[in-house]
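[1] Predicted model and sequence below, questions to follow.
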2 protein chains.
Amino acid sequence: MATDLVAEAQGGADDPRTLHQQVLARLRQSILLGRIEPGQALTIRGLAADLGVSAMPVREALRQLVAERALELMDNRRVRIPPMTIERFDDLIAARVVLEAEAAARAMPYVTEGLIARLEAEDAVINAAEAARDYDSWIGANFSFHAMLYGAAGQSAFLPLIESLWLQIGPFLRRAMRTLAGHYTVDRHSEALAALRRRDTMALRIAIEADIRDGIAHIGSTLIRSDMLGKVPEGNMA
Amino acid sequence: MATDLVAEAQGGADDPRTLHQQVLARLRQSILLGRIEPGQALTIRGLAADLGVSAMPVREALRQLVAERALELMDNRRVRIPPMTIERFDDLIAARVVLEAEAAARAMPYVTEGLIARLEAEDAVINAAEAARDYDSWIGANFSFHAMLYGAAGQSAFLPLIESLWLQIGPFLRRAMRTLAGHYTVDRHSEALAALRRRDTMALRIAIEADIRDGIAHIGSTLIRSDMLGKVPEGNMA
DNA sequence: CGCGCGATTTTGTGATCACATAGCAGCATG
DNA sequence: CATGCTGCTATGTGATCACAAAATCGCGCG
């Protein structure tokens, strides 16, 4: 098993979270950042060994990720990252567009100057990461940017749904990104920030939707290249 | 293809599903149909005893339901049906509207005469259940109707998200329904069916949105009555 | 040298156990 | 009689074990 599948040990001995929550967080991040190969076989014991825990927390974390559709439970009873198809990808993007546009619009009343400042800071991280071709930071900061905005109203019912969509797209997003450069011809985040400052909800919706479609458009065509689909019947190891 | 939500939840000895999947299906149905009191404390051992299984499958099922936001993991590490608030309810309905309207529109190209016939049959069940004040059948058939439509294109990424929303609303939907009668002044399902026959996507969107808002409108106000919010501090056992 | 086919290993599932903590009741004390 | 403390019980969490099914590998056959 690849030992670097899940990096970043963040769980100290005094972590109040349960072990399975820590495992879940690490696996989630690995999936979102595309560190787990779509065809790769995920085994409970293997992950447990990698993470230095017993099988139990891993089992529970995997169940949770299956429920979030980040992983798929096959007939074999094995879990894997579900293969991508054109239709599914199209669905995921469409769902992102309607959910995130609505979530952004509904967050508008709760937008404060402080939030805008934090979003600007996050956007700076994104731009820096893009310049440095640091995909991990780019994806992570990008997600933070969106989540920060949608969560402005406090806990929102939208956020978990959107997170599920990101987790489903993540593995393929990164793979497609590797083959591209400078995909963002227009900085949609700047447009979104401008709309926020003007309290222009409609412009915000448009900016968010454009952001999603822009960042994803080329990827859709890239995905068509069959090796992207993760259809590897039974990939093994890293 | 009624989803597993309404599929037969009980499994015989030759049920190919794993135990935790059967437990999950039964719990899911119980939640959707509002059989579990919002404040009620759900204990692993209690549920295991009720269902005649060991603790393990119950644990995994509960995790999965927590991931779907049907249940909530409290700081006590106990799980319960999350209490409803006005804000959350509003969020859930808004998410349903945008997701289901889009899902319906995207299903349109795949709508066949056979599907319409099945939808009509399901609608008949709904009407019969309403006349008989059979809330279990009503909720179940209602979900089937929607799921059948959204799933017309085969497995859709929308369906799991929508299912999560129904599960979050379910417990309170039923409670509010008890206090009402004849909430459907207009049969939105008939409007939706008519739109389907005409292949009128926009009319379909409108009908679906109206269906959601109609069925829920009074409930929103009913929810305000504090005892609906599930703020019951600590119910006990199953 | 290719191809089935059976033995071995791996893996998921479910059950049980050990432990720490939260909940709760009963008792003692002011 | 109210209140705080103490012990017991209930509960969640994590580990380990047993078992069946699946996957893998290696041997033998054509």
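    Cool, the structure landed. Residues are numbered from 1 along each chain as shown, chains lettered A, B, ... in the order given.
[2] got the residues of chain A near chain B?
    A:18, A:20, A:59-60, A:63-69, A:77, A:87-88, A:91-92, A:94-95, A:98-99, A:101-102, A:106, A:153-158, A:160-161, A:164-165, A:168 (Cβ under 8 Å from any Cβ of the partner chain). Yep, even glycine has a C-beta here, placed from its N, CA and C like the rest.
[3] Pretty sure A:Val125 sits against A:Ala141.
    Yes - counting by Cβ atoms under 8 Å, A:Val125 does reach A:Ala141; the two are 4.2 Å apart.
[4] Among these two, which residue is more densely surrounded?
    A:Ala141 (21 against 18; other Cβ atoms under 10 Å in any protein chain shown).
[5] Up against DNA strand D, what does chain A have?
    Applying Cβ under 7 Å from any atom of the strand, we find that chain A lies next to DNA strand D at A:18-20, A:41, A:53-57, A:60, A:76-78, A:234, A:236.
[6] try 6 Å
    Contact residues (Cβ under 6 Å from any atom of the strand) of chain A with DNA strand D: A:Thr18, A:Leu19, A:His20, A:Val53, A:Ser54, A:Ala55, A:Met56, A:Pro57, A:Asn76, A:Glu234, A:Asn236.
[7] For A:Ala132, give its distance to A:Asp123.
    When distance is defined by Cβ to Cβ, to the nearest Å, A:Ala132 is 15 Å away from A:Asp123.
[8] So between these two, which is more surrounded?
    Higher neighbour count among A:Ala132 and A:Asp123: A:Asp123, with 19 against 10, using other Cβ under 10 Å.
[9] Spatially, what comes nearest to the more buried one if we skip its sequence neighbours?
    Of all residues not flanking A:Asp123 in the chain, A:His189 sits nearest, at 4.7 Å (Cβ to Cβ, 6 or more residues apart in numbering or on different chains).
[10] now that neighbour: how far from B:Leu204?
    From A:His189 to B:Leu204 the distance is 34 Å (Cβ to Cβ).
[11] and A:His189, what element?
    helix A:188-197 (DSSP states H and E).
[12] circling back to that earlier point, lowest-confidence member of the residues of chain A next to DNA strand D, which is it?
    Here the lowest pLDDT out of these sits on A:Asn236, with 32.
[13] Quick one: low-confidence residue ranges for chain A.
    A:1-14, A:178-185, A:217-238 (pLDDT under 70).
[14] Let's see that with 50 instead.
    A:1-9, A:226-238 (pLDDT under 50).
[15] are any of the residues of chain A next to chain B buried, and which?
    For the residues of chain A next to chain B, a neighbour count by 16 or more other Cβ atoms under 10 Å in any protein chain shown gives the buried set as A:20, A:59-60, A:63-69, A:88, A:91-92, A:94-95, A:98-99, A:101-102, A:106, A:153, A:156-158, A:160-161, A:164-165, A:168.
[16] Can you name the residues that contact the residue of chain A most remote from its centre?
    Relative to the centre of chain A, the most outlying C-alpha is that of A:Arg198, 28.4 Å out, by Cα atoms, centre = their mean. Under the criterion of Cβ atoms under 8 Å, 6 or more residues apart in numbering or on different chains, A:Arg198 has no contact partners.
[17] what's it sitting at in phi/psi?
    phi -80, psi 0 (degrees, to the nearest 10).
[18] residues contacting the spatially closest residue to A:Ala157 that is not a sequence neighbour?
    Spatial nearest neighbour of A:Ala157, chain neighbours left out: B:Asp91 (3.8 Å); criterion: Cβ to Cβ, 6+ apart. B:Asp91 makes contact with A:Arg106, A:Ser156, A:Ala157, A:Phe158 under the criterion Cβ under 8 Å, 6+ apart.
[19] Next one: B:Asp91 from A:Phe158, what distance?
    6 Å.
[20] what does A:Leu42 give?
    A:Leu42 is 28 Å from A:Phe158, by Cβ to Cβ.
[21] Could you report the neighbour count for A:Ile86?
    Using other Cβ under 10 Å, A:Ile86 is surrounded by 12 other residues.
[22] And the strands in chain A?
    For chain A, the strands defined by DSSP state E cover A:72-73, A:79-80.
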